[in-house]
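# have a look at this prediction, sequence included:
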Amino acid sequence: MASVGGMSTPPSHSSASEPAAEIAVIGGSGFYSFLDDVEEVEVDTPFGAPSDRIALGVLGDRRVAFLPRHGRDHRFPPHRIPYRANMWALRSLGVRRVLAPSAVGSLVPAHGPGTLVVPDQLVDRTSGRAQTYYDEGGAVHVSFADPYCPAGRRTAVATARDAGWEPVDGGSLVVIEGPRFSTRAESRWYAAQGWTLVGMTGHPEAVLARELALCYTPLCLVTDLDAGVEEGEGVTMEEVLRVFAANIDRLRGLVADLVQALPAERDCPCPNVLDGMKLPLELP
Ligand SMILES: CSC[C@H]1O[C@H](OP(=O)(O)O)[C@H](O)[C@@H]1O
Ligand SMILES: Nc1ncnc2[nH]cnc12
């Protein structure tokens with residue numbers, strides 16, 4: 001296992017011209033491994049250690065990093081995930097594109113369990129999470145009107161369609177603080193706002209990616225109808241993990257296809273979001 005101290009020693013198979021990885025996959029609940037033949041690296045960051053060792057491997061001609069956001073033993077609940085360390089560590093390895101699979105509840109009866117949604121909007125209902133890299137040394141305000149990479153979203157939707165998994169293209173993901181699930185009244189209120197999905201990890205992951213000028217693409221797998229949508233007992237963790245497990249092979253396949261399908265060059269706005277801003281931090 002190699003050790004990488006923030007921006008210092010890169011892993012053995014990387015060089016200045018060839019980053020350790022260009023694309024990262026961040027696995028969520030039930031998604032704790034991805035690549036077969038990997039080198040695992042421990043990365044340190046100014047924000048502490050990431051959730052786990054980062055697995056580096058190759059898929060076709062793409063160098064890929066995999067990081068399970070909850071840790072491979074799901075030791076971090078959503079409100080305790082070291083989001084800043086995770087995104088910083090990935091960028092320090094050379095990553096510029098992030099694919100973010102996630103288990104979510106649906107606020108729309110028609111989008112039942114097993115539905116794949118590629119949302120285009122996000123609503124932050126978390127509280128108290130560190131959500132910026134730029135909290136000292138000067139003000140930096142990134143644009144976040146469109147929180148996700150348009151090219152990544154487009155490619156994800158097209159790749160899912162090609163694989164015969166008709167995705168829902170667009171929708172708003174409301175991210176709650178958790179770790180509890182929503183009450184029926186909260187859930188009905190979210191649905192009444194016209195929001196589509198509810199999860200616990202999409203924020204601050206997406207905005208931290210934006211602050212590091214990374215392309216971030218969410219891949220939301222619906223595991224349940226949220227409490228306000230369905231007259232039932234309410235959502236349970238067991239239900240989420242069971243439905244996710246039933247869909248993981250399909251999702252893994254999609255992520256692998258998507259890694260291959262992402263364009264090599266970035267012609268989206270994401271690389272330029274920090275242009276003209278005076279950064280208080282030196283980016284890795
Ligand atoms: C396992 S139940 C709730 C848990 O599942 C989702 O995790 P992730 O987004 O990492 O797939 C949800 O956000 C909660 O953290
Ligand atoms: N109903 C739900 N609420 C919040 N996060 C979830 N993750 C999966 N299902 C969820």
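In hand now; what should we look at? Ligands and ions are numbered 1, 2, ... in the order given.
# point to the residue nearest the middle of this protein.
Centroid-nearest residue in the chain, with Cα atoms, centre = their mean: residue 100, separated by 2.9 Å.
# in this structure that one contacts residue 215, no?
No: counting by Cβ atoms under 8 Å, residue 100 does not reach residue 215; the two are 10.7 Å apart. All C-beta spots, glycine's among them, are computed from the backbone N, C-alpha and C.
# next up, phi/psi of the residue nearest to the centre of the chain, please.
Taking degrees, to the nearest 10, you get phi -120, psi 80 for the backbone angles of residue 100.
# give me the residue from the protein nearest ligand 2.
In the chain, the residue that lies nearest ligand 2 is residue 105 (2.2 Å; Cβ to the nearest ligand atom).
# pLDDT below threshold where in the stretch 1-150 of the chain?
In the predicted model, the stretch 1-150 of the chain carries pLDDT under 70 at residues 1-17.
# those helices in the protein, which residues are they?
Along the chain, the segments classed as helices by DSSP state H run 83-92, 150-162, 184-192, 202-211, 237-261.
# kindly calculate the angle that the first one makes with helix 202-211.
Orientation note: helix 83-92 sits at an angle of 40 degrees relative to helix 202-211 (axes from the mean of the first three to the mean of the last three Cα atoms, to 10 degrees).
# quick one: name the residues of the protein near ligand 2.
Applying Cβ under 6 Å from any ligand atom, we find that the chain lies next to ligand 2 at 103-105, 176, 181-182, 198-200, 223-224, 226, 235, 240.
# show the contacting residues for the residue in the chain that ligand 1 sits nearest to.
Residue nearest to ligand 1 within the chain (Cβ to the nearest ligand atom): residue 28, separated by 2.4 Å. The neighbourhood of residue 28, defined by Cβ atoms under 8 Å, 6 or more residues apart in numbering, consists of 68-70, 100-103, 201.
# tell me how far it lies from residue 282.
To residue 282, residue 28 is 30 Å away according to Cβ to Cβ, to the nearest Å.
# try residue 258
To residue 282, residue 258 is 31 Å away according to Cβ to Cβ.
# one more: residue 256?
As for residue 256, its distance to residue 282 is 34 Å (criterion: Cβ to Cβ).
# what about these two, which has more around it?
More neighbours surround residue 256 than the other of residue 256 and residue 282, with 18 against 7 (other Cβ atoms under 10 Å).
# hmm, that one is touching residue 57, no?
No: at 11.2 Å, residue 256 does not count as touching residue 57 under the criterion of Cβ under 8 Å.
# residue 57 - nearest residue in space that isn't next to it in sequence?
Distance criterion Cβ to Cβ, 6 or more residues apart in numbering; nearest residue to residue 57, sequence neighbours excluded, is residue 35 at 3.5 Å.
# burial measure for that neighbour, as a count.
Residue 35 has 17 neighbouring residues, counting by other Cβ under 10 Å.
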